[in-house]
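Q: Structure of the sequence below:
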Amino acid sequence: MYAIKINNEHWFSDHYRDNRVLLFTTEKKALKEIEFIKKDPKWFTIDLKVVEVEVETNIDFEKCISTQTVREL
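A: I've put the predicted structure just below:
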């Protein structure tokens with residue numbers, strides 16, 4: 001899996017609080033998303049990069065709770 005790493009804590013803070021990230025199945029898809037974001041003049045200078053990540057999903061069937069952990073490789 002791949003993710004876009006955002007090196008700006010104020011960018012989309014409502015969407016990315018609690019360390020949420022955009023996940024992609026291929027590096028090409030992630031790069032395409034960065035190109036799309038950079039087309040907006042107000043986000044042109046934001047520092048974004050694609051990183052390879054490991055995704056771990058834990059499911060507690062008794063409590064009906066699932067959690068997901070994303071770690072950069």
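
Q: Look at residue 69 and report its pLDDT.
A: Looking at residue 69, its pLDDT stands at 80.

Q: and it, what does it touch?
A: 55-58 (Cβ atoms under 8 Å, 6 or more residues apart in numbering). (C-beta placed from N, C-alpha, C; glycine too.)

Q: one more time with 6 Å, if that's ok
A: By Cβ atoms under 6 Å, 6 or more residues apart in numbering, the contact list for residue 69 reads residue 56.

Q: Could you list everything it pairs with in the sheet?
A: residue 56 (DSSP bridges).

Q: Relative to residue 1, how far out is it?
A: Taking Cβ to Cβ, to the nearest Å as the measure, residue 69 falls 12 Å from residue 1.

Q: And residue 45, by the same measure?
A: Residue 45 is 27 Å from residue 1, by Cβ to Cβ.

Q: between the two, who's got more neighbours?
A: Per other Cβ atoms under 10 Å, whichever of residue 45 and residue 1 has more neighbours is residue 1, with 16 against 8.

Q: Now the element after the helix or strand bottoming out on mean pLDDT in the chain, going C-ward?
A: Scoring the helices and strands of the chain by mean pLDDT, DSSP states H and E places helix 13-16 at the bottom, with a mean of 46. Downstream of helix 13-16, the first helix or strand assigned by DSSP states H and E is strand 23-24.

Q: how distant is that next one from the center of its chain?
A: Centre-to-centre, strand 23-24 and its host chain are 6 Å apart (Cα atoms, centre = their mean, to the nearest Å).

Q: ok, residues contacting it?
A: With Cβ under 6 Å, 6+ apart as the criterion, strand 23-24 contacts 1-3, 30.

Q: Which strands border it, and is each parallel or antiparallel?
A: strand 2-6 (antiparallel).

Q: And the partner strand, what's buried?
A: Buried residues in strand 2-6, counting neighbours by 16 or more other Cβ atoms under 10 Å, are found at 2-4, 6.

Q: what do you get for stretch 38-46?
A: By neighbour count on 16+ other Cβ under 10 Å, the buried set for stretch 38-46 is residue 46.
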